[in-house]
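**Student:** Using only what follows, build the 3D model:
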Amino acid sequence: MGNFLETEKVKQTTYKLTSPTFSELARSDGFYRTKYRPFCLPVERAEENLYPPIRETARKFFKDHGIKWHDGSNGNPSNHLCDSQVSCVNFLFPLADHPETLAQILRPHFPMLKEMLPIEDGKYVSFEWIGEKNYLGEKIPQNGNRTRGANCTSADAVVGFARVDGKKQIVLIEWKYTESYSPIPLAVSRRGTSRLEIYRRLYEAEDCPIKRNQLPGFEDLFFEPFYQLMRQQLLANEMEKAREVQADVVSLMHISPDHNIDFKRVTSERLLGLGSSSINVWKNLINEKDRFLGISTEELFGSTSPEVVAGMDEWFNYIWTRYPWVKEQSK
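**Tutor:** All right, here's what the predicted structure looks like:
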């Protein structure tokens, strides 16, 4: 476990005990993976892990689209206060109905952005996007139905916009919070399945978005977070080729806290010479630079002014109070 996670556990526990956004019943220790923990909510109060105004709408949206809550149960999100998916939803779901605010937050990093476009159900952000087809050739359950957010490559969120050049761009979003990874090889699953063979077809394709000549070997990508980045970059590439939702360009944006030093560790030993952090390594491995953007949560949201989020003051204050590191410069 990383230092950032341990620090956040303490801070989130304090927040739970003091914030008016939680009920008195929610302030008790919550049961999570074999024992009661102070940085978790009682399971029956798990919905209080979400920003209050979206507790009903976000859960309904996930239910309507068959989206799985990570570590959740009974249609509720995880009761762990440091849960990454919960963090993603708290930051992005409120923006799904505010395209102008969303555009102002994104435009400094996507200068071609003209206006946001709805993604699903009239909302301008959707979640756990897996693509309309099984582009990556991943194993499908016997019932033939894939589940968003479980057992297949999913982007945590997705947005789309019209560009000033007349093109339509879709952006898959990978969201990190307290994650950190160890140098554990993932090329072979616990069941003995070779994951290399699942993705080799796309990796060896002529239009592969990854610079193969920069890699010591394909197997060097099978360490987190590179394994995840590879799959999502391949998904974006296949969506673009298929012109999914009439998109001309499909790119990947990776958002993670600059304060989370542990996440930056390069876990694949033979990739150490390609960059000073996991995200810098990935930037150096992408053929077309505009198909990948790695940005810190602090840069994306910490510099946001009250004027930019006018009319969303309650959400803005919630984010800056619950996740105060977002407005602080990392040392």
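
**Student:** you'd agree residue 107 is up against residue 113?
**Tutor:** Yes - assessed by C-beta atoms under 8 Å, residue 107 is found in contact with residue 113 at 4.8 Å. For the C-beta atoms, the positions are set from N, CA and C on the backbone; glycine is no exception.

**Student:** And the two? Which one has more around it.
**Tutor:** residue 113 (20 against 15; other C-beta atoms under 10 Å).

**Student:** contacting residues for the more buried one?
**Tutor:** If a contact means C-beta atoms under 8 Å, 6 or more residues apart in numbering, then residue 113 has 103, 106, 107, 161, 163, 164, 169 as its contacts.

**Student:** cool, residue 39 as well?
**Tutor:** Counting by C-beta under 8 Å, 6+ apart, residue 39 touches 9, 10, 12, 13, 16, 80, 81, 82.

**Student:** Roughly how far does residue 22 sit from residue 157?
**Tutor:** For residue 22, the distance to residue 157 equals 25 Å [C-beta to C-beta, to the nearest Å].

**Student:** Looking at the two now, which is surrounded by more residues?
**Tutor:** Per other C-beta under 10 Å, whichever of residue 22 and residue 157 has more neighbours is residue 157, with 26 against 18.

**Student:** Helix, strand or coil: sort out that one for me.
**Tutor:** At residue 157 the chain is in strand, as set by DSSP: H, G, I helix; E, B strand; the rest coil.

**Student:** Verify the stated contact: it with residue 129.
**Tutor:** Yes - using C-beta under 8 Å, residue 157 is in contact with residue 129, at 7.3 Å.

**Student:** anything in contact with each of those two?
**Tutor:** With C-beta under 8 Å, 6+ apart as the test, residue 157 and residue 129 both reach residue 172.

**Student:** Distance of residue 99 relative to residue 40?
**Tutor:** With C-beta to C-beta as the criterion, residue 99 and residue 40 are 34 Å apart.

**Student:** what are the phi and psi angles of the nearest residue to residue 301 once chain neighbours are set aside?
**Tutor:** Excluding the flanking residues, the one nearest residue 301 by C-beta to C-beta, 6 or more residues apart in numbering is residue 326, at 5.2 Å. Backbone torsions of residue 326, given as degrees, to the nearest 10, read phi -60, psi -20.

**Student:** Look at residue 305 and report its pLDDT.
**Tutor:** At residue 305, the pLDDT value in this model is 75.

**Student:** residues contacting residue 167?
**Tutor:** Taking C-beta under 8 Å, 6+ apart, we find residue 167 in contact with 112, 248, 249.

**Student:** Check the contact between the last one and residue 166; I expect there is one.
**Tutor:** This means residue 249. No - applying C-beta under 8 Å as the test, residue 249 and residue 166 come out as separate, 11.5 Å apart.

**Student:** What is the neighbour count of the closest residue to residue 214 other than its chain neighbours?
**Tutor:** Leaving out its chain neighbours, the residue that sits closest to residue 214 by C-beta to C-beta, 6+ apart is residue 285, at 5.8 Å. When neighbours are defined as other C-beta under 10 Å, residue 285 has 22 of them.

**Student:** What of the one 5 residues further on?
**Tutor:** For residue 290, the count of nearby residues is 11 (other C-beta under 10 Å).

**Student:** can you pull up the bridge partners for the spatially closest residue to it that is not a sequence neighbour?
**Tutor:** Spatial nearest neighbour of residue 290, excluding adjacent residues (C-beta to C-beta, 6+ apart): residue 251 at 6.5 Å. Residues in a beta bridge with residue 251, per DSSP bridges, are residue 171.
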